[in-house]
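Chemist: Here is a sequence with its predicted model. Questions after.
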Amino acid sequence: MAAQSFPPERFADTVPGRHWHRLEDGRLQCDVCPRFCKLHEGQRGLCFVRARQDDQVVLTSYGRSSGFCVDPIEKKPLNHFLPGSPVLSFGTAGCNLTCKFCQNWDISKAREFDRLTDLAMPEAIADAAVRSGCRSVAFTYNDPVIFLEYAADVAKACHARNVKTVAVTAGYFAPQAREDFFANIDAANVDLKGFTEGFYKKLCTASLGPILETLDYIKHETQAWLEITTLLIPGENDSPAEIEAMTAWIMEHLGPDVPLHFTAFHPDWKMLDKQATPSSTLRNARAIAKRNGLRHVYTGNVSDPEGGSTWCHGCGALLIGRDWYELSAWNLTEEGHCRDCGTPLPGIFDAAPGDWGRRRMRVAVGA
């Protein structure tokens with residue numbers, strides 16, 4: 001799937017795109033993601049928000065959001081990045097994947113820009129984060145790769161106010177855009193949706209290779225803290241063999257300290273015929289990952305105090321207890337080491353945990 005054909009039109013709220021080039025046949029190729037949409041004048045890419053206008057590729061949703069909320073950082077999910085802290089979260093509209101199981105389909109599949117009711121420039125978002133007491137701002141709800149220029153400017157504005165930035169992404173980047181995007185990102189959770197080309201092709205109309213390249217890039221070429229999430233869908237990506245292969249790859253290429261979250265699917269969007277993921281599937285996946293050497297493996301979207309908590313890989317002590325998004329125990333020194341044996345816990349931690357809990361608060365951000 002490539003460019004979407006629409007009658008020639010003008011797009012409001014545009015800024016020039018950073019990554020595109022002209023083809024010999026006169027079309028313009030968007031180089032933000034591996035779809036490389038090739039556009040005639042007035043056409044949008046598959047993501048819907050990148051388009052050709054006035055003989056250039058533009059972002060049509062700059063400064064426009066589907067809403068701002070203060071969330072617990074654990075909801076992203078990030079378990080080793082400023083635990084207990086609030087994060088100002090927002091997204092726009094559209095997506096560069098076509099996942100049939102999308103859990104945020106009302107935003108990512110949106111094709112009506114009247115959904116983007118909150119107008120906010122980068123500096124206003126950074127100011128709102130400071131006013132709200134947020135340690136970070138998250139690009140989430142839909143994939144930030146498609147609003148790269150907006151996200152990059154917000155990240156710079158946040159860093160100027162000593163606010164950190166978080167990317168929640170499927171990792172489907174083209175190489176040059178990947179480097180540009182992650183230049184000012186402090187933490188990322190990458191959604192590794194499965195571990196076969198067949199899964200990505202059938203359910204996402206995408207490919208696995210670029211996501212693995214993004215994971216490798218974040219871990220080895222950036223300073224961003226990295227965590228990974230895999231939504232386990234019954235009968236699609238939850239076989240022991242696939243989980244074995246995926247976690248072995250993570251261990252070999254990314255090392256034992258990258259946290260991995262296995263989360264439960266619930267029927268949504270175009271996969272209403274699938275059953276919800278049994279808790280036993282998540283626990284079995286966690287056991288496979290730990291056998292393969294991964295030290296910090298979590299279960300999500302279910303009640304599982306053991307699988308949701310952080311344990312010392314040195315002595316087995318409970319380091320951070322969690323009840324869903326709320327912290328129930330804290331056994332780290334000010335330096336982020338286990339109080340029982342002194343083993344350091346990989347991640348980015350304050351001397352004491354935050355106390356935001358499981359609250360979710362809507363925030364108005366002025367333009």
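Modeler: Okay, I see it. Numbering: from 1, shown residues only.

Chemist: Just give the nearest non-adjacent residue to residue 175, would you?
Modeler: Of all residues not flanking residue 175 in the chain, residue 213 sits nearest, at 7.4 Å (CB to CB, 6 or more residues apart in numbering). Just so you know, the C-beta spots here come from the backbone N, C-alpha and C atoms, and that holds for glycine as well.

Chemist: that's a helix at that neighbour, yeah?
Modeler: Yes: the assignment for residue 213 by DSSP: H, G, I helix; E, B strand; the rest coil puts it in a helix.

Chemist: Please report the distance of it from residue 247.
Modeler: Distance check for residue 213 against residue 247: by CB to CB, to the nearest Å, it reads 18 Å.

Chemist: Among these two, which residue is more densely surrounded?
Modeler: residue 247 (25 against 16; other CB atoms under 10 Å).

Chemist: I'd say residue 130 and residue 163 touch.
Modeler: Yes: counting by CB atoms under 8 Å, residue 130 touches residue 163, with 6.5 Å between them.

Chemist: Of these two, which one has the most company?
Modeler: Applying other CB under 10 Å to residue 130 and residue 163 shows that residue 163 carries more neighbours, namely 23 against 14.

Chemist: any chance you could map the helices in the stretch 151-300 of the chain?
Modeler: 175-181, 197-204, 209-221, 240-254, 279-291 (DSSP state H, counting those that start in this stretch).

Chemist: Could you point out which of the ones you listed sits nearest residue 309?
Modeler: For residue 309, the closest of the helices of the stretch 151-300 of the chain is helix 279-291, at 11.8 Å, according to CB to CB.

Chemist: Now do the buried residues in the closest one.
Modeler: 281-286, 288-290 (16 or more other CB atoms under 10 Å).

Chemist: before we move on, what about stretch 291-307?
Modeler: So stretch 291-307, judged by 16+ other CB under 10 Å, has buried residues 292, 294-302, 304, 307.

Chemist: The residues you listed into CSV, with extra columns for distance to residue 319?
Modeler: Putting the buried residues of stretch 291-307 into CSV (distance: CB to CB, whole Å) gives the following:
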residue, distance to residue 319
292, 21
294, 16
295, 11
296, 10
297, 14
298, 13
299, 17
300, 18
301, 22
302, 21
304, 16
307, 14
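
Chemist: And the buried residues of helix 279-291, which is closest to residue 90?
Modeler: Once CB to CB is applied, the member of the buried residues of helix 279-291 that ends up nearest residue 90 is residue 282, at 28.7 Å.

Chemist: and the closest one, what does it touch?
Modeler: 232, 262-264, 299-300, 302, 304, 307 (CB atoms under 8 Å, 6 or more residues apart in numbering).

Chemist: related to what we said a few turns ago, I'd say the residue nearest to residue 175 and residue 172 touch.
Modeler: No: Residue 213 lies out of contact with residue 172 (CB under 8 Å); the separation is 10.0 Å.

Chemist: Considering only helices and strands, which part of the protein has the lowest mean pLDDT?
Modeler: Least confident helix or strand of the chain, by mean pLDDT, DSSP states H and E, is helix 105-108 with a mean of 52.

Chemist: Could you tell me which residues make contact with residue 122?
Modeler: 150, 153-154, 156-158.

Chemist: Would you format the residues you listed as TSV with neighbour count and distance to residue 96 included?
Modeler: TSV is the format used below for those (neighbours: other CB atoms under 10 Å; distance: CB to CB, whole Å):
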residue	neighbour count	distance to residue 96
150	26	15
153	19	19
154	27	19
156	15	23
157	21	24
158	26	23
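
Chemist: and the closest residue to residue 248 other than its chain neighbours, how far is that from residue 309?
Modeler: Distances taken as CB to CB, 6+ apart place residue 292 nearest to residue 248, at 5.3 Å, with adjacent residues excluded. Remark: distance between residue 292 and residue 309 (CB to CB) = 20 Å.

Chemist: cool, and residue 119?
Modeler: In terms of CB to CB, residue 119 sits 40 Å off from residue 309.
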